[in-house]
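1. okay, here's the prediction I keep looking at, along with the sequence it came from:
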Amino acid sequence: MRPTRIALIIAVTLVLLSCGSNEQDTLAREKLFELQIGRMEDQLDMLFLNGEPLRQKTRILMRNGLFYIANGNAAKVMEFSSYGDILSLYYNPEVNPSPILLHDSNTDTLSQQKKANRRAFEYHFREVGEIGINSEKMLLVEDKVSPIQQEFDSELQVMLNRVVLRFDADGRLVDYLGQEGPGGTPFPYIESLQVTERDEIVVIARSLERWLVYWFSKNGSLLYQVSLSRRNLPVPEGVELQPSLGSVQADIDERLLYLKVDYYGSDDEESSSSRNVRFHNSRIWWFDLERAEFLGSVGVPQNAEDLQISEFDEAKRVQILYELIGNTEGNVFFLMSHHAGDLFEIVLLKRDGKVLSRFYLEIPEKSVEFRDFHLSHDGILSALLVKEYLADVVWWRTDRILEDQSENS
């Protein structure tokens, strides 16, 4: 999830003051461990220069209690236990110092390797991005290809320069995935990388006007390819609305895509002025890959809040958009929105339209310079919260809310 991918269409709300949001339930955050900012194997390279955002991706992923952090600035991927012990490292030796805490798999003797539970693997990454992990601990890493391998797609008007590397549980490079499968044509910009419960691999890429979905089998064979543009997005019958695709997610169990679509319309039917175009509503549609058609949709709850610029201004009712950050067992969607101040609202929405729960997460925005969230298949929400000199790895036990709802239903 995917970074951060938490975005607000109405950007002004980032600086507005909230009225009454603190009255909502806030879910406790549990800090698991922290990372120092630096270049060593168990540190995070996240230097913010003059307040400018980082150009390289940094991502967190959690599966079965293990945390994987892709650090684009350092061209490395780290694996940690839930206590913060580094277990493995995939790194580019040209930009990283030799590991001290880990056994280097390239230099260890066979006897040392047998004793070593924590190992480091060299690979000359160019630009680490999205990551994934399957049930057999095969690590998937987005990387950039060399200049001579890059292609320009005249139809999409984008450079094709991304691949997905696959490393086995012993750290060996198996192959890389391109558009057609192993060794295929590079992808355009990769928005997200997902692994289903069946270990099928879903690459969601983007061009200027399209979202491109590549769905692979466990062994890397291309099963489905879908191109999504504004022209083929569904619009509810009987209304004149313009759709905008906000996010795309793969179902964790079925071969379905979930599209969160935001709809806009004009207050005045005779006016074509963009000033009169306002947000109308949002829906989540599910697209069946085998049948190549949309099977249904569910409305996203309205998310209005009274906001004011200062204490001297009147509060105004403002619509804040949710982002679809993932789905879990039982067809539950996790929706997130960033409200003013330190609050993030989470809504748990079932595919049948029932809202299971609403609650808030509190994250100190003034001290957090970067954040990335991840939702596990069993419903645990984790985050990497980067401060000036430290980075916290935290989680919220949102899976317990799902368990309570299941027991009471």
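-> Cool, the structure landed.

2. elements contacting the longest helix seen in the chain?
-> Criterion DSSP state H: the longest helix present in the chain is helix 398-408. Helix 398-408 is packed against strand 343-350, strand 355-362, with contacts defined by 3 or more CB pairs under 8 Å, 6 or more residues apart in numbering; DSSP states H and E. C-beta here means a position set from N, CA and C on the backbone, and glycine is covered the same way.

3. could you say which of those strands is packed most deeply?
-> strand 343-350 (a mean of 20; mean count of other CB atoms under 10 Å).

4. returning to what we had before: taking strand 343-350 as reference, get the angle to the longest helix of the chain.
-> Computed by axes from the mean of the first three to the mean of the last three CA atoms, to 10 degrees, the angle separating helix 398-408 from strand 343-350 equals 40 degrees.

5. helix 398-408: which residues count as buried?
-> T398, D399, I401, L402, Q405 (16 or more other CB atoms under 10 Å).

6. hmm, who's touching it?
-> 27, 328-330, 332, 334, 346, 348, 356-357, 359, 376, 378-381 (CB atoms under 8 Å, 6 or more residues apart in numbering).

7. quick one: secondary structure of the residue nearest to I86 when sequence neighbours are not counted?
-> Spatially, and ignoring its direct neighbours in sequence, I86 is nearest to D42 (4.3 Å; CB to CB, 6 or more residues apart in numbering). Put simply, D42 is coil when judged by DSSP: H, G, I helix; E, B strand; the rest coil.

8. so how many other residues sit close to D42?
-> By other CB atoms under 10 Å, 18 other residues sit near D42.

9. repeat that for the one 5 residues further on.
-> Neighbouring residues of L47 were enumerated by other CB under 10 Å; the total is 11.

10. still on that earlier bit, which single one of the contacts of helix 398-408 is nearest to F370?
-> The closest of the contacts of helix 398-408 to F370 turns out to be L381 (CB to CB; 17.1 Å).

11. show me where the stretch 1-150 of the chain has strands.
-> Remark: strands assigned in the stretch 1-150 of the chain by DSSP state E, counting those that start in this stretch are 17-18, 30-36, 58-63, 66-71, 76-80, 86-91, 103-104, 119-122, 131-133, 139-144.

12. Throw those into TSV and include mean neighbour count, distance to Y264 and mean pLDDT, thanks.
-> Listed next are those as TSV, based on neighbours: other CB atoms under 10 Å; distance: least, CB to CB, whole Å; pLDDT from 0 to 100:
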stretch	mean neighbour count	distance to Y264	mean pLDDT
strand 17-18	16	25	32
strand 30-36	15	39	97
strand 58-63	23	30	97
strand 66-71	22	34	98
strand 76-80	24	39	98
strand 86-91	22	43	97
strand 103-104	18	54	72
strand 119-122	22	48	95
strand 131-133	23	33	98
strand 139-144	23	32	98
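
13. which one of these lies closest to V195?
-> Nearest to V195, of all the strands of the stretch 1-150 of the chain, is strand 131-133, at 4.4 Å by CB to CB.

14. that closest one: how far from the chain's middle?
-> Taking CA atoms, centre = their mean, to the nearest Å, one finds the center of strand 131-133 at 11 Å from the center of the full chain.

15. one more: stretch 363-372?
-> The answer for stretch 363-372 is 17 Å, by CA atoms, centre = their mean.

16. do the same with stretch 351-364
-> A distance of 18 Å separates the centroid of the chain from that of stretch 351-364, by CA atoms, centre = their mean.

17. quote the end-to-end distance of it.
-> Counting by CA to CA, to the nearest Å, you get 32 Å between the two ends of stretch 351-364.

18. list of residues touching that stretch?
-> Here stretch 351-364 makes contact (CB under 8 Å, 6+ apart) with 21, 24-27, 29, 286, 298-299, 301, 331-333, 339, 342-350, 371, 381, 383, 385, 396, 401-402, 405.

19. stretch 217-226 too?
-> Contacts with stretch 217-226, where a contact means CB under 8 Å, 6+ apart, come from 134, 166, 175, 177, 179-182, 184, 198-201, 212-216, 255, 257, 287, 289.

20. quick one: low-confidence ranges for the stretch 151-300 of the chain?
-> Flagging of the stretch 151-300 of the chain using pLDDT under 70 yields the residue ranges 267-276.

21. buried stuff in stretch 318-336?
-> Applying a neighbour-count criterion of 16+ other CB under 10 Å, one finds 318-328, 331-336 buried in stretch 318-336.

22. cool, and stretch 162-170?
-> R162, V163, V164, L165, R166, F167.

23. contacts only, for the fifth one.
-> Pointing back at R166 there. Counting by CB under 8 Å, 6+ apart, R166 touches M138, L139, L140, L173, V174, D175, Y176, L177, G220.

24. next one: stretch 192-203 to chain centre, how far?
-> Put simply, stretch 192-203 sits 12 Å off its chain's centre (CA atoms, centre = their mean).

25. equivalent analysis for stretch 135-155, please.
-> 18 Å.

26. I'd like to know how many residues surround D392.
-> 18.

27. pick the one among the buried residues of stretch 162-170 closest to N281.
-> Nearest to N281 among the buried residues of stretch 162-170, counting by CB to CB, is R162 at 33.6 Å.
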